[in-house]
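K.L.:
Take this sequence and fold it.
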Amino acid sequence: MSILSGVWRGIAVLPSAFCLIFTTVSFAQAPAGLPGGYPNKPVHVIVGAAPGGGTDISARLVSKYLGDRWGQQFVVENKVSNVGSVMALDYLAKQKPDGYQLQVAVGSTYLNAVLVTKLPYDVLKAFDTIAQFTRGPQVLAVTNSIPVNSVREFIEYVRKNPDKLNFGSSGAGSSAHIAAEYFKHEAGGLVMQHIPYKGMSAATTDLLGGRIQMMFSSPVTVMPQAKKGTLKALAVTSLSRLKASPDLPALAETLPGFEFSIWYGLIGPAGIPRPIVNALNKQVNEILAVPEVATRLTADGSEITLDTPEAFQSAITRSLRSIEKLVSDTGLDLSEAQ
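P.N.:
I've put the predicted structure just below:
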């Protein structure tokens with residue numbers, strides 16, 4: 001099942017860590033009756049990435065509001081390694097499940113459960129899901145140079161032209177690559193050539209120029225071009241249509257059950273008392289409804305997700321099972337992604 005090897009052994013923590021403490025000027029009273037008077041000391045929120053990225057921005061924004069609401073410091077700590085968030089999750093899995101060590105995780109990290117060998121934790125058992133922030137689906141886009149206007153037409157076109165079309169991504173093992181491989185498999189084993197780029201900007205340029213014929217990318221990248229008519233957006237990879245683009249079909253309308261989204265969310269080590277998990281979930285959902293927060297977290301085309309811890313866990317499990325099946329059925333080899 002695992003197809004990337006030796007990555008964990010090469011882990012190296014950068015020599016410096018970054019942290020930011022959020023304090024308050026005025027705040028609401030923390031929920032009463034939580035175990036141990038939670039939170040009665042600073043809560044540490046881990047980010048397994050460098051400052052400035054999407055995970056870090058999400059963590060700092062939500063932590064600020066949690067601190068303001070509960071009158072307690074929520075300390076964001078960046079734990080950075082050469083294998084992304086693997087080290088940060090390993091650290092979290094070993095912490096006491098009392099709610100004082102949390103993490104803002106990203107869905108791509110959870111793919112390591114399928115794509116990396118010998119992880120030191122079981123990603124579905126070692127953590128408690130608390131609250132999902134956003135889901136960030138991809139959009140299936142094709143070049144204007146091919147005569148298709150729907151997912152069904154594109155699938156038939158590829159079948160009639162096996163191994164003659166190229167699709168682009170931001171690199172082997174990237175979310176754009178995995179989404180495309182998943183689509184090819186679910187569409188009945190389409191045969192296309194993968195062209196990895198160093199970023200989606202170069203891939204987009206080649207799609208516009210017709211040098212590649214398909215790519216998956218974020219709505220914020222694809223939809224402005226689609227509205228200008230410079231490429232065709234055929235579908236989105238969420239189970240349902242985007243609120244911002246209700247005319248864009250979901251891939252699941254053609255390929256039932258198809259779902260692929262990158263999410264951000266709050267998790268903790270397994271075993272946190274449920275009253276604390278539920279209180280954090282309630283607070284985070286209220287924070288996500290704040291216009292400033294919603295606007296900043298959806299700037300990349302993602303959508304706010306207000307859900308229960310159980311629904312968050314179910315979405316993660318469903319996603320991992322889909323990718324596991326992809327790897328098992330196709331023998332997809334991402335060793336080049338090391």
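K.L.:
From residue 145, how far off is the nearest residue to residue 238 once chain neighbours are set aside?
P.N.:
Excluding its sequence neighbours, the residue lying closest to residue 238 (C-beta to C-beta, 6 or more residues apart in numbering) is residue 137, at 3.8 Å. All C-beta atoms are positioned from the backbone trio N, CA, C, and that covers glycine. Separation of residue 137 from residue 145 (C-beta to C-beta, to the nearest Å) stands at 25 Å.
K.L.:
more neighbours, these two?
P.N.:
Here residue 137 and residue 145 are compared on neighbour count by other C-beta atoms under 10 Å; more neighbours surround residue 137, at 26 against 12.
K.L.:
just the helices in the stretch 201-338 of the chain please.
P.N.:
Shown for the stretch 201-338 of the chain, the helices assigned by DSSP state H, counting those that start in this stretch span residues 219-228, 274-288, 291-297, 309-330.
K.L.:
Centre of the chain to the first one, how far?
P.N.:
It stands for helix 219-228. 20 Å (C-alpha atoms, centre = their mean, to the nearest Å).
K.L.:
how about it: buried residues?
P.N.:
For helix 219-228, burial by neighbour count (16 or more other C-beta atoms under 10 Å) applies to 219, 221, 222, 223, 225, 226.
K.L.:
For the first one, which residues are in contact?
P.N.:
Residues in contact with residue 219, defined by C-beta atoms under 8 Å, 6 or more residues apart in numbering, are 137, 139, 236, 242, 244, 245, 301.
K.L.:
Give me the subset of the residues you listed lying in strands.
P.N.:
The strands, defined by DSSP state E, take in 137, 139, 236 from these.
K.L.:
So the first one versus residue 311, what's the distance?
P.N.:
Same thing as residue 137. Distance of residue 137 to residue 311, given as C-beta to C-beta: 17 Å.
K.L.:
now, among the ones in strands among the contacts of residue 219, which is nearest to residue 44?
P.N.:
Ranked by distance to residue 44 (C-beta to C-beta), those are led by residue 137 at 30.6 Å.
K.L.:
May I have the beta-bridge partners of the closest one?
P.N.:
Residue 137 has these beta-bridge partners by DSSP bridges: residue 261.
K.L.:
Who are the contact partners of it?
P.N.:
219, 236, 237, 238, 242, 260, 261, 262, 303.
K.L.:
ok, now which ones touch the second one?
P.N.:
So the one you mean is residue 236. Counting by C-beta under 8 Å, 6+ apart, residue 236 has contacts 137, 138, 139, 140, 219, 242, 245, 248, 249, 250, 251.
K.L.:
cool, and the last one?
P.N.:
If a contact means C-beta under 8 Å, 6+ apart, then residue 303 has 134, 135, 136, 137, 238, 242, 243, 244 as its contacts.
K.L.:
cool, residue 302 as well?
P.N.:
By C-beta under 8 Å, 6+ apart, the contact list for residue 302 reads 134, 135, 136, 262, 264.
K.L.:
List the buried residues in stretch 288-304.
P.N.:
When burial is assessed from 16+ other C-beta under 10 Å, stretch 288-304 yields the following buried residues: 288, 293, 297, 298, 301, 302, 303, 304.
K.L.:
and what of stretch 35-54?
P.N.:
Buried residues in stretch 35-54, counted by 16+ other C-beta under 10 Å: 38, 39, 43, 44, 45, 46, 47, 48, 49, 51, 54.
K.L.:
Would you format these as CSV with distance to residue 99 included?
P.N.:
Putting those into CSV (distance: C-beta to C-beta, whole Å) gives the following:
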residue, distance to residue 99
38, 5
39, 7
43, 7
44, 10
45, 11
46, 13
47, 17
48, 19
49, 22
51, 24
54, 24
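K.L.:
Outline the domain layout of this protein.
P.N.:
Taking automatic domain parsing as the domain assignment, the ranges for the chain are 8-136+262-328, 139-259.
K.L.:
Redo the ones you listed as CSV? Include mean pLDDT.
P.N.:
Converted to CSV, the domains of the chain look like this (pLDDT from 0 to 100):
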stretch, mean pLDDT
domain 8-136+262-328, 85
domain 139-259, 94
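K.L.:
returning to what we had before: closest one to residue 187 among the helices of the stretch 201-338 of the chain?
P.N.:
helix 309-330 (12.1 Å).
K.L.:
what angle do the closest one and helix 274-288 make?
P.N.:
Relative orientation of helix 309-330 and helix 274-288, computed by axes from the mean of the first three to the mean of the last three C-alpha atoms, to 10 degrees: 90 degrees.
K.L.:
May I have helix 309-330 exported as PDB, CA atoms only?
P.N.:
Output of helix 309-330 as PDB, limited to C-alpha atoms (Å, rounded to 0.1, in the frame of the first residue of the first chain):
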ATOM      1  CA  PRO A 309     -16.100  16.600  15.100                       C
ATOM      2  CA  GLU A 310     -17.700  13.300  14.000                       C
ATOM      3  CA  ALA A 311     -18.500  14.700  10.500                       C
ATOM      4  CA  PHE A 312     -14.900  16.000  10.200                       C
ATOM      5  CA  GLN A 313     -13.500  12.500  11.000                       C
ATOM      6  CA  SER A 314     -15.900  10.900   8.600                       C
ATOM      7  CA  ALA A 315     -14.800  13.200   5.800                       C
ATOM      8  CA  ILE A 316     -11.100  12.400   6.500                       C
ATOM      9  CA  THR A 317     -11.700   8.600   6.600                       C
ATOM     10  CA  ARG A 318     -13.700   8.700   3.300                       C
ATOM     11  CA  SER A 319     -10.900  10.700   1.600                       C
ATOM     12  CA  LEU A 320      -8.200   8.300   2.700                       C
ATOM     13  CA  ARG A 321     -10.100   5.200   1.800                       C
ATOM     14  CA  SER A 322     -10.500   6.600  -1.700                       C
ATOM     15  CA  ILE A 323      -6.800   7.300  -2.200                       C
ATOM     16  CA  GLU A 324      -5.900   3.900  -0.700                       C
ATOM     17  CA  LYS A 325      -8.200   2.300  -3.300                       C
ATOM     18  CA  LEU A 326      -6.500   4.400  -6.000                       C
ATOM     19  CA  VAL A 327      -3.000   3.200  -5.000                       C
ATOM     20  CA  SER A 328      -4.100  -0.400  -4.500                       C
ATOM     21  CA  ASP A 329      -5.900  -0.600  -7.900                       C
ATOM     22  CA  THR A 330      -3.300   1.200 -10.000                       C
END
